[in-house]
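**Q** okay, here's the prediction I keep looking at, along with the sequence it came from:
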Amino acid sequence: MNAHFLYLFGHLRLLEEQHNLISLNKTGIGLIGSSTHNSWYTEAILHSQHHCELKSVCSLDFPTHSASYFVRQKRKIEQLIEDDAVNTIIVTSIYSDELLKFIIRAAVDEGKHILVSNVPNYGTNELNELLKLAHYNDVNICLDNALYFSPQYDEIKSLLSNKNTLNTGLLRLSAHRQINKDDYLSHDKLRFLISGKISLLLSILPKFQFESLSVQYSRPFSFIEDGDVLIIHLKNKTGFLVSLELFFNTGNTSDQLSLIQGQHDLQFESFLISNNQNLIADENSLIIKQLDHFILNLHKANKIVITSQLIHVNTMTESILTHLTINQFI
């Protein structure tokens, strides 16, 4: 070996230690989700080629009433998960709890790490069994939201960590999403939307409990039209108000987080699609930050895993869905 090669190799080793990586091998990633969501993560992976590379992509078909739909999707998923070049799975988007659980279990069985954004609807026993298997196979199951990596999220969380700030105020968690009323899995989409916002809420306020719940909507879910809205108000015993706001078929796909409280008025919006055009990823992209955080933590002794808080998320979500049924939204 010449001196120049040895210098370069030593420099790479130094960078490796600085980034807490354990080898020069890149993480082989497989993507599962819609073609649109997969394209966002494909672009993010291209920006993070120093520690990961895309090995396989599984684009899920649009849901149909066909009895063979789930069989076809599971075969495609199994093919990706069983690919030896893939050691890490990212579920970019999914609107079927059945398929989400299938992916997570298949990945854990194969000893492959997995990142999901949607909240799986596990019961306590089912979750405990999964976590035991993940621990045995040394697998990281990470439930993450790209909004966690925005400075505004950190600022809001820091402000609300002070108990004195929880007496009054309004925390708004909003989402713009496309809902096709002909999609027979649309109720799964609704559940994922609500549980995702509840998960975000509990990441900011882990001990939040509501004493009153009220809903407003423009029309029942089965008759959703462009521009329709569902607003869910959760108020705790001190009067602090959380507003979950879902806007349907507005032409954008975005998430918004804002806090209005006395002298504080913080607002942040993350556009995933604007005017039906994918936004160009750069070093400030929340998806890139989410990806980098996930990959770098794979090599730490204490891995990120889904926890028992997931049960709290699902319990609160079911309570809201029951209320929506009583109020004839669904």
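**A** All right, it came through fine.
**Q** excluding residues flanking it in the chain, which one is nearest I156?
**A** Closest residue in space to I156, ignoring its immediate chain neighbours: L259 at 4.8 Å, by C-beta to C-beta, 6 or more residues apart in numbering. The way it works is simple: take the backbone N, C-alpha and C, and place the C-beta from them, glycine included.
**Q** please settle this for me: is the one you found part of a strand?
**A** Yes - counting by DSSP: H, G, I helix; E, B strand; the rest coil, one finds L259 located in a strand.
**Q** G30: what secondary structure?
**A** Under three-state DSSP, the three-state class of G30 is strand.
**Q** so what pLDDT did it get?
**A** G30 is assigned a pLDDT of 97 by the prediction.
**Q** then Q261?
**A** 79.
**Q** thought N162 was touching it, still the case?
**A** No - with contacts counted by C-beta atoms under 8 Å, Q261 stays clear of N162, the gap being 10.9 Å.
**Q** ok, those two, which is more surrounded?
**A** More crowded of Q261 and N162, by other C-beta atoms under 10 Å: Q261, with 18 against 8.
**Q** show me where the stretch 151-300 of the chain has its strands.
**A** 170-177, 212-217, 229-235, 241-248, 253-261, 264-274, 277-278 (DSSP state E, counting those that start in this stretch).
**Q** partners of the fourth one in the sheet?
**A** Strand partners for strand 241-248, identified by DSSP bridges, are recorded as strand 170-177 (parallel), strand 229-235 (antiparallel).
**Q** so which bits of the shortest one are buried?
**A** Neighbour-count burial for strand 229-235, with 16 or more other C-beta atoms under 10 Å as criterion, is recorded at V229, L230, I231, I232, H233, L234.
**Q** how far away is the third one from I198?
**A** Yep, that's I231 we're talking about. 15 Å (C-beta to C-beta, to the nearest Å).
**Q** residue ranges with poor pLDDT in this structure?
**A** Residue ranges of the chain with pLDDT under 70: 1-24, 163-167, 181-185, 263-283, 301-308.
**Q** check contacts around the most centrally placed residue in it.
**A** Centroid check for the chain by C-alpha atoms, centre = their mean gives S117 as the closest residue, at 1.8 Å. By C-beta atoms under 8 Å, 6 or more residues apart in numbering, S117 lies in contact with V91, T92, S93, L143, D144, N145, A146, G196.
**Q** phi, psi for it please.
**A** Main-chain torsions, S117, degrees, to the nearest 10: phi -100, psi -30.
**Q** how near is it to R219?
**A** 28 Å.
**Q** end-to-end on stretch 248-256?
**A** Distance across stretch 248-256, first residue to last, is 14 Å (C-alpha to C-alpha, to the nearest Å).
**Q** list the buried ones in that stretch?
**A** Applying a neighbour-count criterion of 16+ other C-beta under 10 Å, one finds F248, N249, N252, T253, S254, D255, Q256 buried in stretch 248-256.
**Q** I156 is in contact with the last one, correct?
**A** No - the pair formed by Q256 and I156 falls short of the contact definition of C-beta under 8 Å, at 11.9 Å.
**Q** many thanks, we can stop here.
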